Structures are given as C-alpha cells and as structure tokens.
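Have a look at this prediction, sequence included:
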Amino acid sequence: MTRVAINGAAGRMGRELAVACLRRDDLSLAAAFEAPGSDSIGQDIGRLANGEDLGVAIASADDRGTAEFDVLIDFTRPGPCLAALADCQARGAAMVIGTTGFDENQLETIERAAEQIAIVIAPNFSAGVNLTLKLLDIAAKALGDDFDIEVVEAHHRHKVDAPSGTALRIGEVLADATGRDLSDCAVYARHGHTGERERRTIGFQTIRGGDIVGEHTVLFAGDGERVEITHKASSRQTFAGGAMRAAAWASDQGPGRYDMTDVLGLSDD
C-alpha cells in the first residue's frame, strides 16, 4: 500500500486531501505537515478533516525529513512546496504538486528534481478539467482563426493568484492548437478605449468572490454562432480525488515530470 504524506494538511485543500485518501483502498495516510509554529501542529488530521481521529498527528514541516512516506502531495504555495520537494528528493519519494504561481526559476528547479524522482504537476487535478482541455484542443483546431477566443474563470475570494493556473493552462492549449505564442497573444484586462479586438488574441477575464470552488468557460465567438465549453466544480473533492489518483499512479513511475493527461491515459505520447 502506498504511504501518502500531505503538506499544508490543516488548510482547506489539505483537509480535503485527507478525506480523499481515506476513500481509497490502495493508499494509506502516513504523515501530515504544517508550517512551523502552526496552531494545528499536534492535532490529529482526521479530527480536522472529518471529526474522527486517524492516529496521524500533524507535524512541523521541519520534521518532514525524518517521516516515512512514498508520495507527498502539496497544494500550498511555491516556497513551502519547493522546500517539500527538496525533502522528497533526499528520500527518493514521488511528489504530486497542485500548487500554482511558480516563477521561471522555480519551474526549472522542479524540472531538475524530475530527473531524480517522479513528479506529477498540474494546475488542476480534476478528471473533468483535463478532459475539457482535450475538447478545447479539438475545438480550437477546428474553429481556428475564424472565431474569437475568450477565457473566463471564477474562484473564491481567498485565491491569491490570477488568472488561475487552470486558466493559464487552458490558454496554453488554445495557443498551441492555433499556432500562437500565449505570451504574445494573451490579453489579461480591458479598460477604457481599447480599439477593435485583434482576431488572434486570447482574452482572459477573472472573477473572485464568495466560496466559488472553480469555474472555467471558454467562449469561441464567430459571426452568427458561438460555442461555449464550460467546466464547473462544486466540491474540492473533485481535485482531491484526482490528486490521490495521481499519487497512486506516481508511486509506480520512474523519474520524470508528468501531468494529469499521463495519469488519465489522455497523453498523445
């Protein structure tokens, strides 16, 4: 049975990950970590997740190097995530990364680590979202430059990065499918007198409010017709369950950087 550790265990996603782990027969929750000084250290992760003791006390991230686990899952922030990555490298454990907002140097660090351990990194671990990416690739190739493309995403008020990592991945898929460079064609805000829309741009609109778990819509607007492809998540278990599926898969893989298309068997390779 694969032993799973959760980084940022007391957070919203950390608690959801613990619940998702309990639902699988092929995974066991072996360790849970929080930032040094957190009030949650010493508490049973099960008590926080679903009100039932699991016998797994949340430990300080400083103690991560001595813990026993096969795969670590991280949905925190870039700094804590990379610290956990170093510990995974040191012990040869696989890692599942749902954290977003990395800069180029941080992404290079992840690439180098993937030469030593298996890493599944994705902006979204939902099976539905990753299927949606496939559908968007098909739609963008079919509709091409005859349709304007806009991406609209909505998340809860606590989300700290914008656009979402999923929205940016959607943009990359759309740009690749239409032969564009996202860094050149992306438009992230419009205000005032903007002039006419340039055909080959890809627009992004961001909504933040309430407790919206995650919604992404891609609008293909042509002359006389419109196509919309939407994914809506109503529970974080959507992402947590996908992350656990990735953890089970990663435990059997050799070193390399993987994503959810690999986990789901949707990769073109």
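That came through, no problem. Numbers count the residues shown, from 1 in each chain.

what separates residue 34 from residue 138, distance-wise?
According to C-beta to C-beta, to the nearest Å, residue 34 and residue 138 sit 42 Å apart. For glycine as for every other residue, the C-beta is placed from the backbone atoms N, C-alpha and C.

swap that for residue 163, sorry
To residue 138, residue 163 is 22 Å away according to C-beta to C-beta.

So which of these two has more stuff around it?
Each of residue 163 and residue 138 has its neighbours counted (other C-beta atoms under 10 Å); residue 163 has more, 21 against 11.

hang on, residue 46 packs against residue 53?
Yes. Contact criterion C-beta atoms under 8 Å: residue 46 and residue 53 qualify, at 5.2 Å.

For the two, indicate the residue with more neighbours.
More neighbours surround residue 46 than the other of residue 46 and residue 53, with 20 against 11 (other C-beta under 10 Å).

check contacts around the more buried one.
Taking C-beta atoms under 8 Å, 6 or more residues apart in numbering, we find residue 46 in contact with 18, 22, 52, 53, 54, 55, 56.

tell me which element it is part of?
Assessed by DSSP states H and E, residue 46 sits inside helix 45-49.

Quick one: mean pLDDT over that helix.
Mean per-residue pLDDT for helix 45-49: 83.

got the buried residues for that helix?
Going by neighbour count (16 or more other C-beta atoms under 10 Å), the buried part of helix 45-49 is 45, 46, 48, 49.

Now do the strands in the chain.
2-7, 27-34, 58-60, 71-74, 94-97, 118-121, 148-155, 186-187, 202-208, 214-221, 226-233, 256-258 (DSSP state E).

would you turn those into CSV with mean pLDDT, distance to residue 132 and mean neighbour count?
CSV is the format used below for the strands of the chain (pLDDT from 0 to 100; distance: least, C-beta to C-beta, whole Å; neighbours: other C-beta atoms under 10 Å):
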stretch, mean pLDDT, distance to residue 132, mean neighbour count
strand 2-7, 97, 26, 26
strand 27-34, 96, 26, 24
strand 58-60, 95, 34, 19
strand 71-74, 98, 22, 29
strand 94-97, 98, 20, 29
strand 118-121, 98, 18, 24
strand 148-155, 97, 12, 22
strand 186-187, 96, 19, 16
strand 202-208, 97, 16, 18
strand 214-221, 97, 7, 20
strand 226-233, 96, 5, 15
strand 256-258, 97, 19, 17
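
Would you mind putting these into JSON lines with distance to residue 180 alongside?
Shown next, in JSON lines, are those (distance: least, C-beta to C-beta, whole Å):
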{"stretch": "strand 2-7", "distance to residue 180": "36"}
{"stretch": "strand 27-34", "distance to residue 180": "40"}
{"stretch": "strand 58-60", "distance to residue 180": "45"}
{"stretch": "strand 71-74", "distance to residue 180": "31"}
{"stretch": "strand 94-97", "distance to residue 180": "27"}
{"stretch": "strand 118-121", "distance to residue 180": "23"}
{"stretch": "strand 148-155", "distance to residue 180": "10"}
{"stretch": "strand 186-187", "distance to residue 180": "9"}
{"stretch": "strand 202-208", "distance to residue 180": "7"}
{"stretch": "strand 214-221", "distance to residue 180": "14"}
{"stretch": "strand 226-233", "distance to residue 180": "18"}
{"stretch": "strand 256-258", "distance to residue 180": "24"}
